[in-house]
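Participant: how would this look folded up:
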Amino acid sequence: MASAAEQLAANLNLGVLSKATELKKRIWFTLAALIVYRIGTYVPVPGVDANVMADILRQHGGGILGMFDMFTGGALGRMTVFALNIMPYISASIIVQLMSSAVPSLEALKKEGESGRKKLNQYTRYLTVLIAIFQAWGIAIGLEAMRGSMGQTAVYESGMFFRLSCVVTLVGGTLFLMWLGEQITARGVGNGISLIIFAGIVANLPHAAIATLELGRTGALSTGFIIAFLVIALAVIAFVVFMERAQRRIPVQYPKRQVGNRMFGGENTHLPLKLNTAGVIPPIFASSLLLLPATFAGFSGGAQQEGWLTSIANLLAHGRPGYMILYVALIIFFAFFYTAVVFNPTETADQLKKNGGFIPGIRPGQATADYLDRVLSRLTGVGAIYLCIVCLLPEILISQYGVPFYFGGTSLLIIVSVTMDTVAQIQSHLFAHQYEGLIKKSRLGGRGAPRVR
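Facilitator: I've put the predicted structure just below:
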């Protein structure tokens, strides 16, 4: 059954949107910021040969280089100022979040409220700078050693000056994107960091669609297969939307209490537990670990060196059984691991007990924590299976049918999640605008009524 908010959203029209001046300003600001980001993905790093970089990307597109180039919207393959994109900030955020659950001092900051959150955000920014410097230095050294298919170098003139200029350029690009993402969050619509990644992934969608249609035109793919492929893609998107919105609502009751002559409490509410609490973190971590051997083997001349690294890379190549099995195992592991980090049943049970709340039929305290842990484990198991299905389907289509399906499971999850979050924020702004209009009308209608002090 649809909620009141969903029923109100169904009745919204363009007339309401045209009157929401503040929302229109936020939308235009968001679009302008994303345009600035896309322009920056075409500003090259000084001293790098773009043609050689494109050739190198074609050689190593199956490794981490190709996966990161997808998230950066092609900026890494073109080696532009936004080549690192916002990835160092995401890595720093994940590290700080994990450490805040393991380090007592950081855990205390997390419980301090707004002041503690600001300090954690500051630590995240500092760690972002360190990670960006480390990655930029590694890219600068790697660029000097890279060679194209014809033996040409990727850098016009190697040396310390190129390395320093490359580090300053890439770190500056990452810090600018971090600032831009925060501005979008504060003055625009949606989460700025997520929208930047979303824009990078979606930017290459037309190229993927044209490549698929070109295969149909040349006869490599039949028309029936392309139609079936589009139907499957739409079905998968609908499935992802359904699973991302799915949640288990655990009923919670608060007892009535009398203070003087007034009665307080007695509310019936619920505790929502998402089916996929871990989000897109498990596929990202699993993909990164599995693509490391292929990337290292490729950069060390994998075809010429028949070493143990090359053998492992061959076993873990896209579409191979070893890759599929390990991919599923890592997704399941990280799904349970990250869920345990972001949701603590013991803390939730203690908070319910302090506020006088309880789950019907379950004793407060440790029994409530055990019950929440059992429910969350079952939900995480179903969520992990869902992530495996969504992530393996593109791999099967690519390896078995040669479809140039640009979006993998991780990128598809990011697109759906960011779209749902942005639409929800737009709806909340429209609701606020409608409520403001109702309040103004009620004040006008009750102008002659006596005021109650």
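
Participant: where along the stretch 251-400 of the chain do the helices fall?
Facilitator: With DSSP state H, counting those that start in this stretch, the ranges of helices along the stretch 251-400 of the chain come out as 281-299, 308-315, 321-342, 345-354, 366-401.

Participant: Make TSV out of these and add distance to Ala154 and mean neighbour count.
Facilitator: Yep, even glycine has a C-beta here, placed from its N, CA and C like the rest. Output for the helices of the stretch 251-400 of the chain, formatted as TSV (distance: least, Cβ to Cβ, whole Å; neighbours: other Cβ atoms under 10 Å):
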stretch	distance to Ala154	mean neighbour count
helix 281-299	12	21
helix 308-315	22	16
helix 321-342	28	17
helix 345-354	50	16
helix 366-401	27	18
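
Participant: Return the member of those helices having the minimum mean pLDDT.
Facilitator: Of all the helices of the stretch 251-400 of the chain, the segment with the smallest mean pLDDT is helix 308-315, scoring a mean of 64.

Participant: re earlier: can you redo the helices of the stretch 251-400 of the chain as CSV with distance to Lys111?
Facilitator: Listed next are those as CSV, based on distance: least, Cβ to Cβ, whole Å:
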stretch, distance to Lys111
helix 281-299, 22
helix 308-315, 43
helix 321-342, 15
helix 345-354, 9
helix 366-401, 18
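
Participant: and of the ones you listed, who's closest to Ala233?
Facilitator: Among the helices of the stretch 251-400 of the chain, the nearest to Ala233 by Cβ to Cβ is helix 366-401 (9.4 Å).

Participant: Tell me where this structure is predicted with low confidence.
Facilitator: Counting by pLDDT under 70, the ranges of the chain that qualify are 1-19, 58-67, 256-266, 288, 291-314, 316-319, 398-409, 433-453.

Participant: Strands of that one, start to end?
Facilitator: Shown for the chain, the strands assigned by DSSP state E span residues 247-253, 256-259, 262-265, 268-274.

Participant: Spatially, which residue comes closest to Leu289, not counting chain neighbours?
Facilitator: If you skip the residues right next to it in sequence, Leu289 has Leu330 as its closest partner in space, 6.2 Å away by Cβ to Cβ, 6 or more residues apart in numbering.

Participant: Wait, the one you found touches Ile284, no?
Facilitator: No. Taking contacts as Cβ atoms under 8 Å, Leu330 lies outside contact range of Ile284: 10.6 Å.

Participant: right, and Leu195 touches Asp421 too?
Facilitator: No. Under the criterion of Cβ under 8 Å, Leu195 lies out of contact with Asp421, with a separation of 9.2 Å.

Participant: okay, the two: which has more neighbours?
Facilitator: With neighbours defined as other Cβ atoms under 10 Å, Leu195 and Asp421 compare such that Leu195 has more, 24 against 17.

Participant: Tell me which residues touch the more buried one, please.
Facilitator: The neighbourhood of Leu195, defined by Cβ atoms under 8 Å, 6 or more residues apart in numbering, consists of 30, 34, 181, 184, 188, 418, 422.

Participant: swap the cut-off to 10 Å and go again
Facilitator: Each residue near Leu195 by Cβ atoms under 10 Å, 6 or more residues apart in numbering is listed here: 30, 33-34, 37, 180-181, 184-185, 188-189, 418-419, 421-422.

Participant: now swap in Ala203 and tell me
Facilitator: In this structure, Ala203 makes contact with 34, 37-38, 41, 70, 72-75, judged by Cβ under 10 Å, 6+ apart.

Participant: ok, and the closest non-adjacent residue to Thr380?
Facilitator: Nearest in space to Thr380, with sequence neighbours left out and distances taken as Cβ to Cβ, 6+ apart, is Thr339 at 4.9 Å.
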